[in-house]
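A.B. asks: return a 3D structure for these sequence lines:
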Amino acid sequence: MRKFLIVGRTGVGKSSFINSTFGAYIAKTSDFEACTKFVEHYARNTPLGDICLIDTPGLAEDDEASDRAYLSLVKSKVDLHNLHATLYVSRLDETRFRPDEKRTLRFLTEQLGSIVWRRTILVFTFAGSIPYSHVEEATEYRTQQIREYLATLVPYDFSSFQEVWRTDNVVYDWTPNGVSALSLMKK
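C.D. replies: Below is the predicted model of the structure:
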């Protein structure tokens, strides 16, 4: 079974990404408050084989002590050495590299170790909120911001993500070239 750890700030669409990937409402979501309070494993048999998406509480919702507690929970419930990849989820429609995102990246590195970044796929949500003519530019800019900050945190030469995906969990026709998220989870 291929396991994907899904991490990121609160409200970026981690649970919605799971629902969209599996085509069913299996992970609780809310537009108004954080829902995921525990580490949840969602395993499914798919045409691409058995896949497990591991949902985690969003970071930077409350204080740093809460983030430490959530990441301690992740460490106790997830074998970080047995992951196919880590999916770091961030919003594409943010125009600034905010302090709460920096805090999230720093805490993930400090609490889970730099191993969490060795096989990472960067997933941008809310891609449908960007005018289609600017999606590529926004993707390059946001990827560069995150990549450069991570390079200051990890003890090895972090040059890039394994892949960069764009998705929108609400707007299904935001791109003429779209494929399902599930189809991207190839071997």
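A.B. asks: which phi and psi does residue 125 have?
C.D. replies: phi -100, psi 170 (degrees, to the nearest 10).
A.B. asks: state the phi and psi torsions of the closest residue to it other than its chain neighbours.
C.D. replies: Once flanking residues are discounted, residue 125 sits nearest to residue 13: 3.8 Å by C-beta to C-beta, 6 or more residues apart in numbering. All C-beta atoms are positioned from the backbone trio N, CA, C, and that covers glycine. In terms of degrees, to the nearest 10, the main-chain angles of residue 13 are phi 100, psi 30.
A.B. asks: ok, now which ones touch residue 100?
C.D. replies: By C-beta atoms under 8 Å, 6 or more residues apart in numbering, the contact list for residue 100 reads 9, 60.
A.B. asks: give me the three-state assignment for it.
C.D. replies: Here residue 100 is helix, with the state taken from DSSP: H, G, I helix; E, B strand; the rest coil.
A.B. asks: how about residue 52?
C.D. replies: strand.
A.B. asks: so it bridges to which residues?
C.D. replies: Counting by DSSP bridges, residue 52 is bridged to residue 3, residue 43.
A.B. asks: any idea how far residue 78 is from it?
C.D. replies: 10 Å (C-beta to C-beta, to the nearest Å).
A.B. asks: quick revisit: just the pLDDT for the residue nearest to residue 125.
C.D. replies: Predicted confidence (pLDDT) for residue 13: 88.
A.B. asks: one step back: who touches both of residue 52 and residue 78?
C.D. replies: In contact with both residue 52 and residue 78: residue 3, using C-beta under 8 Å, 6+ apart.
A.B. asks: which of the two has more neighbours?
C.D. replies: Neighbour tally, residue 52 and residue 78, criterion other C-beta atoms under 10 Å: the higher count belongs to residue 78, 20 against 15.
A.B. asks: so what does the lowest-mean-pLDDT helix or strand in the chain touch, helix or strand wise?
C.D. replies: The least trusted helix or strand in the chain, going by mean pLDDT, DSSP states H and E, turns out to be helix 181-184, with a mean of 70. Helices and strands touching helix 181-184, by 3 or more C-beta pairs under 8 Å, 6 or more residues apart in numbering; DSSP states H and E, are helix 14-22, strand 163-166.
A.B. asks: do that again at 7 Å, thanks
C.D. replies: Using 3 or more C-beta pairs under 7 Å, 6 or more residues apart in numbering; DSSP states H and E, the elements in contact with helix 181-184 are helix 14-22.
A.B. asks: contacts for the helix it packs on?
C.D. replies: 6, 8, 25-29, 35-36, 42, 44, 53, 55, 58, 89, 123, 125, 167, 169, 181-182 (C-beta atoms under 7 Å, 6 or more residues apart in numbering).
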